[in-house]
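Student: Predicted structure and sequence below. I'll ask about it afterward.
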Amino acid sequence: MLQIPTVKSPLGIIALFVALIEVFLTYPVTQLEGIERTILVIFMTTFPFFIAMAFFYILWEKPITLYSPREIPMGMRNLYQPQAIKVASELKISEMEEHIPTLQSRLTALVTPSYNSLSTLSVSEQKKVTENASQSDLNSIESEVLKKIEAVPNPDEGTFQNIKAELEKERKESKRKIIARIEKEISKFKNWLETIGFTRLPDIPKIVLEPADLMNIYYIHDFKEIHIGSSLTDENDGICHEYFISVLSQRWSKYEGKDADGQLAIIYGFSDYYAASFYDDPIFGEKFAAVFGLKPGRIRNLKEPVRLIRNEEAHKMGQAWSSLCWEFREKFGQQKVDPTICQALESLPDKLSINAVSSALFNHLLKLSPNSREQIIEEFTGRGFDVPSTSK
């Protein structure tokens, strides 16, 4: 089947225009005679010449107008539109300067027990993706600048400064809308938590949108802030995960001693579970996985049974808790299990420990379904959790 190519660039439009004029005049020239034919032949001969002269003039004076914004080669951008590069760079620098307090709080968080991230990746993995994201953002701003100057015949320095101010305003407005959407999503999650029995829930933390150099979502208890990388603002389950960390951090915010990772694992595990249960989806962190190209397209799958191995990395141990809870959710139903887990968490002592949580969860599940005693014991022991000695 014949496919007609689409014409997208200004150069293609010019070529199509000239070709159509010549084609449409081919028939009339055969029907005319005398001076009329002579005039038409002269026009058909000279018209492409003048078009070519105009083309070469534009090619010499302003070749960038012959490209659509997405097709402009990087070398030509640098050669013919240094102002666009300058505007993009100044805008990025301005945004980074605004984020200096954010960067300082991030550095502080990294060395304190109040740092709770969505996932952990190696420095080299993060560096590779963040460098690409930063460059991509810079290229995007350049393209926006070039797109806006297309309609300006002779842009000067003032034009570029106006474009910079306009883009800065647009990007700030976009961030405000994103933050409002995130707060609305957390509010829905918070209301749902109240329906299953959680009380004295904290206010929605301050939402901080980080620049493209951050590829994570994390909560800082000391500052009551949820920090979100610009590429992960639509990772709703991860954002709700961090809010639930703020819920549990009201009672347990310091993870110290030999069992610090075990305590963190409890926080991570139940945060995974309630975020996944709210969205009724055991696949957790799909957007995050897409950004980093992780296989098989997720951070964690709560349907995968994971055995608790003490002294492992906290997120891995956390999945033992979340997958255990998801198993009982499927056995007994969300409407029964979610409030039961809430009651178990509410009954915990101020000192958080794996054994205390395991015992409380076991006893509350047993109250929920006394006839399923053997099944409950089998699930707990099979996944490496201890059960109260009186229950064995």
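Tutor: Cool, got the structure.

Student: May I ask which helix or strand of this protein has the lowest mean pLDDT?
Tutor: The helix or strand with the lowest mean pLDDT-type score in the chain, counting by mean pLDDT, DSSP states H and E, is strand 115-117 (a mean of 48).

Student: Show me the helices in the protein, by range?
Tutor: Chain-ordered helices for the chain, with DSSP state H as the definition, fall at 10-31, 34-61, 74-80, 82-98, 100-110, 123-149, 157-195, 236-248, 260-278, 286-292, 314-332, 334-346, 354-368, 373-382.

Student: Show me the least confident stretch of these, going by mean pLDDT.
Tutor: Note on those: helix 74-80 shows the lowest mean pLDDT, a mean of 51.

Student: still on that earlier bit, as a markdown table, the helices of the chain with distance to E304 and mean neighbour count would be great.
Tutor: Every residue, glycine included, has its C-beta placed from N, CA and C. Listed next are these as a markdown table, based on distance: least, CB to CB, whole Å; neighbours: other CB atoms under 10 Å:
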| stretch | distance to E304 | mean neighbour count |
| --- | --- | --- |
| helix 10-31 | 52 | 12 |
| helix 34-61 | 60 | 11 |
| helix 74-80 | 44 | 13 |
| helix 82-98 | 40 | 16 |
| helix 100-110 | 29 | 14 |
| helix 123-149 | 22 | 16 |
| helix 157-195 | 24 | 14 |
| helix 236-248 | 16 | 24 |
| helix 260-278 | 12 | 24 |
| helix 286-292 | 14 | 18 |
| helix 314-332 | 6 | 22 |
| helix 334-346 | 18 | 18 |
| helix 354-368 | 19 | 19 |
| helix 373-382 | 14 | 15 |
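
Student: To H221, which of those lies closest?
Tutor: Each of those was scored for nearness to H221 using CB to CB, and the closest is helix 236-248 (7.0 Å).

Student: Show me what the closest one is packed against.
Tutor: helix 157-195, strand 217-220, strand 225-229, helix 260-278, strand 283-284 (3 or more CB pairs under 8 Å, 6 or more residues apart in numbering; DSSP states H and E).

Student: If you drop the residues flanking it in sequence, what lies closest to the residue nearest the centre of the chain?
Tutor: Nearest to the centroid of the C-alpha atoms of the chain, with distances taken as CA atoms, centre = their mean, sits L232, at 1.8 Å. Here the nearest residue to L232 in space, its sequence neighbours aside, is I217; by CB to CB, 6 or more residues apart in numbering that works out to 5.6 Å.

Student: Next one: that neighbour from D338, what distance?
Tutor: Spatial separation of I217 from D338 under the definition CB to CB, to the nearest Å is 23 Å.
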